[in-house]
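*Asks:* With the input below, show me the fold.
(chains A and B)
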Protein chains: 2
Amino acid sequence: MTPVSHPAATIVEPDSATIAHPLDALYAEDLESGDAPAVGQSVTRVDARDKVLGRAKYTDDLCPRNALWIKVMHSTIAHGYVTAIDTSYAEAIPGVVKVLTCFDVPDRPFPTAGHPWSTDPSHQDVSDRLLLNRHVRYWGDEIAVVVAETELAAKAGVAALTATYDELPFALNPLDSMAEGMATIQEDYPGNVLAHSRLSVGNYAEAIKEPGLIKVEGTYDTGTVQHCHIENAICFAEAQGDRITVTTSTQIPHIVRRVVGQALGIGWGKVRVVKPYIGGGFGNKQDVLSEPLCAWVCLQVGGRAVKLDTTREETFVSQRVRHAMQIKVTSWLRPDGTFAARKYESYSDQGGYASHGHSIAAKAMNCFHELYQCPNVEGDTWTVYTNKPTSGAMRGYGIPQAMWAGEGHIDDICRQFGFDPLDYRLKMIMADGHVNKFSGNENYFDSPRQTLLAGAEAFGFRQLHAECEAQDPAARIRRGAGVASFWYNTGVWPIALESSASRMVLNEDGSVSLSLGETEIGQGGDTVFSQMTADAVGVPFSDVHVVSTQDTDVAPFGTGAYASRQTYVAGFTIRQTANLLREKILAHAHELTNMPVAQLDLVGGRIVRTTDGRELMTLKELATEVLYSMKHSEHIAAESTYQIKTNAYSFGCSFAEVEVDVDLCQARVVRLLNVHDCGTLINPALAEGQVHGGQSMSIGLALQEELLFDPRNGKPLNNNLLDYKLCTTVDHPDLEAMFIENPEPTSAFGTKALGEPPTCSPAPAIRNAILQATGVPLYHAPMTPHQLFARFTETGLIGESLHV
Amino acid sequence: MTPVSHPAATIVEPDSATIAHPLDALYAEDLESGDAPAVGQSVTRVDARDKVLGRAKYTDDLCPRNALWIKVMHSTIAHGYVTAIDTSYAEAIPGVVKVLTCFDVPDRPFPTAGHPWSTDPSHQDVSDRLLLNRHVRYWGDEIAVVVAETELAAKAGVAALTATYDELPFALNPLDSMAEGMATIQEDYPGNVLAHSRLSVGNYAEAIKEPGLIKVEGTYDTGTVQHCHIENAICFAEAQGDRITVTTSTQIPHIVRRVVGQALGIGWGKVRVVKPYIGGGFGNKQDVLSEPLCAWVCLQVGGRAVKLDTTREETFVSQRVRHAMQIKVTSWLRPDGTFAARKYESYSDQGGYASHGHSIAAKAMNCFHELYQCPNVEGDTWTVYTNKPTSGAMRGYGIPQAMWAGEGHIDDICRQFGFDPLDYRLKMIMADGHVNKFSGNENYFDSPRQTLLAGAEAFGFRQLHAECEAQDPAARIRRGAGVASFWYNTGVWPIALESSASRMVLNEDGSVSLSLGETEIGQGGDTVFSQMTADAVGVPFSDVHVVSTQDTDVAPFGTGAYASRQTYVAGFTIRQTANLLREKILAHAHELTNMPVAQLDLVGGRIVRTTDGRELMTLKELATEVLYSMKHSEHIAAESTYQIKTNAYSFGCSFAEVEVDVDLCQARVVRLLNVHDCGTLINPALAEGQVHGGQSMSIGLALQEELLFDPRNGKPLNNNLLDYKLCTTVDHPDLEAMFIENPEPTSAFGTKALGEPPTCSPAPAIRNAILQATGVPLYHAPMTPHQLFARFTETGLIGESLHV
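*Replies:* Sure thing, here's the model as predicted:
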C-alpha cells in the first residue's frame, strides 16, 4: 500500500482503445491500410474476430430467456390425410401451454420460395401449403405443434400426441409419381406434374435426318442431397403492439417479411424480421419455412415469445433438399464432332411442396444448351411432385445437375470419338462474343477458353492425361484426369426483379456506417461490401462499419443472398449511395473551405484540394463540424435504390485427378483445381474460400452424399450426420483455386457471380477422371462404392474373381 | 376423431391477424381513425399494450445471459484521497474475474452532461472526473469495481475490498465550501466555485435611491431531491470487432456515444449505443454516468459482455440530484407595487462533480427576471462544488427553484402590501408582445394572463381565496389558496445546438416506418411523433410504425429527451422528411397514373386526384407496385436533418388549495390545478399525463422529499425509498390540468414545451396557500412538519401550549 501525493501522478495508463487479444496483431494490419484501395485486397473479414472469439450473435443468442418452446409433430406416413390427432395426453403434461394441430390453422395457402415478389400473378410462386397440413405429402410433414415452457415438456408433448391417417399411395420418384393410378399429391396438380417446359431451337426432327450423323446418348442422374449448414433452422417470434417480430436464421429477411405477412394474412408492414449472423444457408435458408408457423403460434399464445429450433434430423427432412434430377442427353454429331442436333429430357424430383419448383429444372435446361452451341435443340423438362422432402434452392440451383449430365456427356462423346476432352472443349465451347438474347449476357473475353487453358497449364493436365492413358489397364489402383466446364449467370434479371438499396451515414469520427438489405450468410458479404464502400466513398477500409444485422424496420430493401447476386448487385447501390454521400460531404467542404466543389476530393478520409493536392481538413474534422455546426448542422446520410437491369456470364472449369481402387470400388480425389472468371476479385482470400466450399460440396455430390428413403414407406434412412456422409476436410485433397480476372463491363466493381459457380464443375470433372481411369462411364451421382461396384460389374471391369 | 374427406372442408379459421387480448377493443378504436387528423386526438399510446402486457423490452431484458456483473466500491469518506486498495481477498473469491481500481483507470478526464457537443472549447462541458476516482469528492464516490461471473460473487468481491484514505475537510453546502480554509474539491477550481455569473439590467445601485421605495426581501431555498425514476441506472457493454456496443437506459443515446468515445479515447464512430424502452429518467438519464465505466471494464475483460446494474441506494448517491439552491430576492417597490429595482443572489450546490453545472443556476436566474419585467435588475449566482452527490439535470432545470423563490416572493410582496396575489400577477406579469432579445421568444398571445384568468375561473380561486381570508385565524385546521406562475423555454437554442434528423420508409402495405434520434422515455414521445407523421405524410395513425429503440448505428441523429424540446424539435424534422417522402410517393403516383403531380394528393393512405377527389389507388397498391416494379423499382425512403433556430415561451400557472393542521404542523394539498399554454396539443391525454407527473414531483419538492446527509461525515441518511419520502398517489389530491391552446407560430405543429413546465409552479402555489392559511411565509422546501414546526414556533403561531 503506497501512499500517493497527487491523484494522477503514478497511474500507468492502459490503452483502453484496444482490446487486448492475440488477434490484434493480425487486425492491426487492416487498420493501417490507409490510402490504398481496399478492393482487390485480401483484408481480414470484418466478422472474423467476433466469430473466432464467440462474440458474434446468432438467432439463439438473441432469444428472450422466457421464450416458449415449439416442437413439431411430423407425420409418420408418406402420403395421406390426417383424420384426427388426440391432444389430450399432451395437454395434460405440466409445462405444455398449447397444442395446435393441422385442424386449427387458417385455410390460407402460401408460397415459401425466396424469390422477389412479383405483382404479376403469373410470376408468383406456387402457394401449396398451409402452416400445418392435414394432407400429408411426405414422411415427416408437419401436422401439429406443442408449445411448452421447456424444451423437455414440448418434446414430451409431441411424444404424447397420436395421429390417425387415411393413407394414400405414395411415389418416391418422378416417373412413379406420374404413373397411372398414382394418387394426387397436390389438389391443383392432378398427374403430379408441377410444371413442364419445352425448349426448341431450330428443327431437331429435321436435323437428325442429316446423313452420317453419329448418335451419343446417356441418362445422367443425381441423388437427393442436403445443404448441411452448421446452424439448423431456428427462429423466434414475439408480438409488439399490433405487429410481430420474427428473428430468424435466414438468407432473405425482406422476403421472410413478405411471406409471413402472406401466411398470416396481415399487412407486410406489420411484420418485422431481424436477421443476425447465421451459420450457413446454401439456399436452404432461401425458403421461408419455420417463420410463418412460428409467428402464427406466437399469436395463438397471446403474443408471447416462442422459439422454433429445428434438430438436424428435422432439418434434413422438413427443410429443403437439392432436386434429384434424371437427365437424358442425346447428341447427334458429325464425324468431326460438331453438333447437328441435341435433345435434353429431364425429370426433376420436387418432393411434396412446390418451393422454388420448376425454376430450378428450367434453369438447368437453359444452361445446358448454352454452353455448347448447337443449331437444333429440343428439350423437355418436367418438375414432378413426389412424396419426399421438398426440393428447393441449393447452391448451384440446377446447374450442378445440368453440368453432371452435360459435361459427363461431353466426355462420353470424346470417348466414343477418341477426342481429347480438353481439345474438344476448346473447339466446341461457347464462342467469344456470344450474346444471350434473353438475358443480354455477353461472353466478352472468351473466358471459357481462357479458364480451360490457364487451368490445364497450371494443373499439368495434358501430361497427366497422357500418363493416365498410358497406365496399365489391368492395375488395381488406377489414376485418371478429368475436366469439366460450366457457365453461370449473376442474379435473376431479367426473369425477376433485381433491386438493391443501401444507406450510408457519416459518423463524427469520419467513419461511415453502411446498411443494406443484402445479407452476410458466412460468405464474407459484409467484408466485400465494406471494401467497396471504402473505395467508393474515399475512406480507409477500417473506417467503414457495416451493420450486419438486417432489421426490416430500418434496413434498406434488398432481396438477400441467392443467385450469386450480392457482390454484383450491391456494388451498384453502394457506388450510387457513396456518390450521393460524397456530394453532400463535398458540398459541406465547400461551405467550410470556400473552395469550389469541382476542386475538392475525398481521398483516404481527407478533404483534398485537387489543384495542389493539399489536405484541407480531415473527414473527421468535417463530420464533427457539420454535425455540431451552429450555422448549418446536418447528420450527413445518403440512401438510394439501384434497380439492376443487367446480368453477366460467369465462367469456369474444374480439373480433377482421381485414384480408383478398382477392387474396393472406391474413388478418391487426389487433386482438384477450379478456375473461375468471376470478373475483378474484391477480396482474393474470400474468393478462394468460396471456391473451396463449393468444391467440397461438389465432391460430396460426386462421391458420397445422398439422402436415402425406405422404399416401403418413404421414411428417410440417414437423416443425420452420422449416416449421411457429408463431405468434410478429411475427404478433401488440398483444394486449389485459380482466377482469371476479366473485369465485367456491366458491373459497378467489375465483379460477377462466384457464390454458386464453384459447385458446378467439380463433380463431372471427377466423373470424367474416373471414366479415364477405368473406362467406365458412371451415370448416377454420388459415385459411391455401391455405384462403382454395380457399374464395374455391369461393364465387366470386375467379375467373379477379384484381385484378392 | 372425425374422418374428413377434404383437407380444408371443416377448418374453422381463427383470425390470426389479431392478438386476442382485452386491450384489443380499446386498440381497435385507434385503428379505425381513418382520415381524421391524428394530431389533437387522445389516441392510445403506441407502447401502451406492450408496457401493460410486460412485452416492452428494457435494458435488462436485452442483456446477454452470460454477461459478467460489475459491482462498484463506493468511498466511505466524503473527501480525500484513496491511498491504496487491497484487492487480494476479493481476487481470491471464486467467480471474481477481475478487480479494477482507481489506480488502473486512464488519466483522461471526461464530461458527463447530456448537452449537445460544441466544437467551441469554451462551450464544452467541464471534464472533471475519471472513470474511477482516487480523489474522492463525496461519500459514495466510485473508487473500484469487481467484475464477476455472478452478482453474488461481485458483491462479495466488493465487500472484501479494503481502501485506505488520506482524509480532507469536507463541506456539505456552498457557503461552507467557499469558506476560508476549506480543502479544494476539484484541482482546477480553487475556492470551489465552479462558476459565477452576473446579471445586470439598468442601474440597480442608482434605482434604489428613488425616494419612497419599499424593500421586500427574502431568502428562499430548496433541498436536495432525487428523480426516483422506477428503473435504476443500468447498462451493459460488449465488444464487436474493434468497436464497442453499450445498451443503456438513457434519455440521450447519441450523446452517450460521444461521451463514451471521449472517456475511452476512441473514435466516436467506434461506439454504438442502443437505447431500448426506459423506466423514466427525469433528467437523471441526461447524464452519461455508468456507460463509460461499463464500456471500459468490458475492454479490460477481453470484450466480454459486462453489466452494470445500479441499486436504488446507489442511484440516490452516485447518480444525480436536483441542485439545492439558496436564492435571496430583494425587491424595491413603489407603493403601487411596481418595481423600481430587483436583486437576485443565489448559491447552487453542485456536489462533487460538474455535470450540467452552472447552466442550471444561470438558467434559473435568467428565468427569474423575465417573468416580471423590471428596468433595474442585478443578479449574482454561484455554482459551488461541495462534498455531496453531484447535482445535474432534473425536470425543470433550475426553474422550480427559481419559481420557488420568485413566486413565493411575489406573495410575500402581496402580503406586505395587502395586494391580491392574483390581481397583482395580472397587473405585473410579462406583457403581451414581449420579446426576449437573446432567444427571440415572443409572448404572442398574452398567455401568462390567459392562463391565470382561465385557471382562476375554473378553480373558483377568487371565492376560495375570499373564504380563506375570512376563516377563523385561531382554528387548528386552516385552509389557504395559492397561485403561482412560470415561464419556460423550449429546447436550448440559441445557447446550444438544436438539430434533429428523421427517416421514413414506405412499407409494402402502405404503412410508414419512422426512425428518429429523439427518444421515448415514458413520456409518450413515440406516440406524438407517430401522430405528427401520420398527418404530415397523409396516412392513418395506425399505419405509422415508430422504431422506438435508438441504435446509433442506424438511428438518425437527435440529441434526445431534455429541455422539453422533443415534440417541438421533432415536429420540424418530421414535417420536412414527410414532405420529402410525399414528393417521392407522388412522383411515382404520377408515373403510375399519368396524372400531373400538382393534381395528386396523398390523403388517409390513398392517392387522390384533387380535381375531382377520385381515389386513383391506395398507398398500399402504390408501395407494392413501386418496390416490385420491373420498370422502376424503388424502396421509397426519405431522411433529413432540420436545424432549429427558434425557441418558444411556454407559460402556465398553478392554483393550490391546502389544509394545514397547525398543531401537527402538517400541510395537505386538497386541490391542485395546473394551467398550461404549451401551444397546440398533439395528444391531450398524454399532455394531461405530463402535467400530473410534474405536479406530483412538485408536491414532493414542496412538502416531503429531501435527501439528508449526516453532518459528521457526509453520509447520506435516507437514500432508499423507505426513508426518502417520495411523493406518490397517496399523497395526491385529484390532480387537475387545463390547457390554453394558442398555436405557437414558430412551431411545425403549433406545439411548445410541456415536459418540464408542470413541475415549475405547484410548489410555490402550495407555499403561497400555506402562507394564506397560516400567515407564515415559509422559505425552505420541502415544507415538512419539521419546517412548519420551526417556522410556526419562530413566528409565534404555535407556542408552549398547543391545542391539546
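
*Asks:* Any regions of the stretch 351-500 of chain A where pLDDT drops low?
*Replies:* Across the stretch 351-500 of chain A, nothing is flagged by pLDDT under 70.

*Asks:* Run through the strands of it in chain order.
*Replies:* With strands called from DSSP state E, counting those that start in this stretch, the stretch 351-500 of chain A shows them at A:377-385, A:477-488, A:499-506.

*Asks:* Could I get the buried residue list for the shortest one?
*Replies:* Just to be clear, that refers to strand A:499-506. Neighbour counts over strand A:499-506 (16 or more other CB atoms under 10 Å in any protein chain shown) mark A:499-506 as buried. Bear in mind the C-beta positions are built from the backbone N, C-alpha and C, glycine included.

*Asks:* Same question for the longest one.
*Replies:* When neighbours are counted by 16+ other CB under 10 Å, the buried residues of strand A:477-488 are found to be A:478-488.

*Asks:* The closest residue to residue A:740 other than its chain neighbours and chain B: what is the separation?
*Replies:* Distances taken as CB to CB, 6 or more residues apart in numbering or on different chains place residue A:677 nearest to residue A:740, at 4.3 Å, with adjacent residues excluded. Here residue A:677 is placed at a distance of 29 Å from chain B (CB to the nearest CB, to the nearest Å).

*Asks:* I'd assumed residue A:454 was in contact with residue A:655.
*Replies:* No - counting by CB atoms under 8 Å, residue A:655 stays clear of residue A:454, with 10.4 Å between them.

*Asks:* and the two? which has more neighbours close in?
*Replies:* The residue with more neighbours, out of residue A:655 and residue A:454, is residue A:655; 30 against 17, by other CB atoms under 10 Å in any protein chain shown.

*Asks:* re the thing from before, dump the buried residues of strand A:499-506 to JSON lines, plus distance to residue B:176.
*Replies:* Shown next, in JSON lines, are these (distance: CB to CB, whole Å):
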{"residue": "A:499", "distance to residue B:176": "69"}
{"residue": "A:500", "distance to residue B:176": "66"}
{"residue": "A:501", "distance to residue B:176": "62"}
{"residue": "A:502", "distance to residue B:176": "60"}
{"residue": "A:503", "distance to residue B:176": "55"}
{"residue": "A:504", "distance to residue B:176": "55"}
{"residue": "A:505", "distance to residue B:176": "49"}
{"residue": "A:506", "distance to residue B:176": "49"}
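
*Asks:* What about chain B: which of these touch it?
*Replies:* A:499, A:501, A:503, A:505 (CB under 8 Å from any CB of the partner chain).

*Asks:* Now that the first one has come up, it's in contact with residue A:642, right?
*Replies:* Yes - counting by CB under 8 Å, residue A:642 is a contact partner of residue A:499 at 7.3 Å.

*Asks:* Are there residues contacting both of those two? Which ones?
*Replies:* Jointly contacting residue A:499 and residue A:642 under the rule CB atoms under 8 Å, 6 or more residues apart in numbering or on different chains is no residue at all.

*Asks:* hang on, residue A:394 packs against residue A:285?
*Replies:* No - between residue A:394 and residue A:285 there is no contact under CB under 8 Å: 10.8 Å.

*Asks:* would you list every one of the strands in the stretch 701-804 of chain A?
*Replies:* A:735-739, A:780-781.

*Asks:* among those strands, which is the most enclosed?
*Replies:* Stretch with highest mean neighbour count among the strands of the stretch 701-804 of chain A: strand A:780-781 (a mean of 26; mean count of other CB atoms under 10 Å in any protein chain shown).

*Asks:* now what about that strand, what contacts it?
*Replies:* With CB under 8 Å, 6+ apart as the test, strand A:780-781 has contacts from A:220-223, A:404, A:701-702, A:763, A:767, A:787.

*Asks:* What strands line up against that strand, and which way round?
*Replies:* Strand A:780-781 has these partner strands in its sheet, going by DSSP bridges: strand A:214-222 (parallel).

*Asks:* quick one: the partner strand to chain centroid distance?
*Replies:* Put simply, strand A:214-222 sits 28 Å off its chain's centre (CA atoms, centre = their mean, to the nearest Å).

*Asks:* For that strand, buried residues please.
*Replies:* A:216, A:218-222.

*Asks:* number of nearby residues for residue A:587?
*Replies:* Residue A:587 - counted by other CB under 10 Å - has 16 other residues nearby.

*Asks:* which residues of the stretch 151-300 of chain A score low on pLDDT?
*Replies:* In the stretch 151-300 of chain A, no residues with pLDDT under 70.

*Asks:* Could you give the separation of the one helix or strand residue A:307 maps to from the chain centroid?
*Replies:* Using DSSP states H and E, residue A:307 sits within strand A:306-309. In terms of CA atoms, centre = their mean, the centre of strand A:306-309 is set 24 Å apart from its chain centre.

*Asks:* Quick check: mean pLDDT of that strand?
*Replies:* Mean pLDDT, computed over strand A:306-309, is 98.

*Asks:* Partner strands of it and their direction?
*Replies:* Strand A:306-309 sits in its sheet next to strand A:68-74 (parallel), strand A:234-240 (antiparallel), going by DSSP bridges.

*Asks:* With distance to residue A:471 and mean neighbour count as added columns, please give these in JSON lines.
*Replies:* Shown next, in JSON lines, are those (distance: least, CB to CB, whole Å; neighbours: other CB atoms under 10 Å in any protein chain shown):
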{"stretch": "strand A:68-74", "distance to residue A:471": "51", "mean neighbour count": "24"}
{"stretch": "strand A:234-240", "distance to residue A:471": "50", "mean neighbour count": "26"}
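
*Asks:* Ok, which of these comes nearest residue B:623?
*Replies:* strand A:234-240 (21.3 Å; CB to CB).

*Asks:* And for the next helix or strand after the closest one, what's in contact with it?
*Replies:* Toward the C-terminus, strand A:234-240 is succeeded by strand A:243-248 as the next helix or strand (DSSP H and E). Contacting residues not belonging to strand A:243-248 are listed as A:59, A:62-63, A:234-239, A:256, A:260, A:264, A:266, A:270-276, A:290-291, A:294-295, A:298-299, A:303, B:545 [CB under 8 Å, 6+ apart].

*Asks:* hang on, the earlier thing: looking at residue A:394 and residue A:285, which has the bigger crowd around it?
*Replies:* Applying other CB under 10 Å to residue A:394 and residue A:285 shows that residue A:285 carries more neighbours, namely 33 against 27.

*Asks:* is it true that that one touches residue A:230?
*Replies:* No - using CB under 8 Å, residue A:285 makes no contact with residue A:230, being 11.8 Å away.

*Asks:* show me the contacts for the nearest residue to residue A:249 once chain neighbours are set aside.
*Replies:* Nearest non-adjacent residue to residue A:249, counting by CB to CB, 6+ apart: residue A:278, 4.4 Å away. By CB under 8 Å, 6+ apart, the contact list for residue A:278 reads A:58-59, A:229, A:231, A:249-251, A:285, A:519-522.

*Asks:* would you list every one of the helices in the stretch 551-700 of chain A?
*Replies:* A:566-593, A:619-627, A:684-699 (DSSP state H, counting those that start in this stretch).

*Asks:* Which one, of these, ends up nearest to residue A:462?
*Replies:* For the helices of the stretch 551-700 of chain A, the distance to residue A:462 is smallest for helix A:684-699, at 21.8 Å, taking CB to CB.

*Asks:* Now that closest one: buried residues?
*Replies:* Within helix A:684-699, the residues scored as buried using 16+ other CB under 10 Å are A:686-699.

*Asks:* Any chance of a markdown table for those, columns distance to residue B:46 and pLDDT?
*Replies:* Below are those laid out as a markdown table (distance: CB to CB, whole Å; pLDDT from 0 to 100):
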| residue | distance to residue B:46 | pLDDT |
| --- | --- | --- |
| A:686 | 42 | 97 |
| A:687 | 46 | 98 |
| A:688 | 49 | 97 |
| A:689 | 45 | 97 |
| A:690 | 44 | 97 |
| A:691 | 49 | 98 |
| A:692 | 49 | 98 |
| A:693 | 45 | 97 |
| A:694 | 47 | 98 |
| A:695 | 52 | 98 |
| A:696 | 49 | 98 |
| A:697 | 47 | 98 |
| A:698 | 51 | 98 |
| A:699 | 54 | 98 |
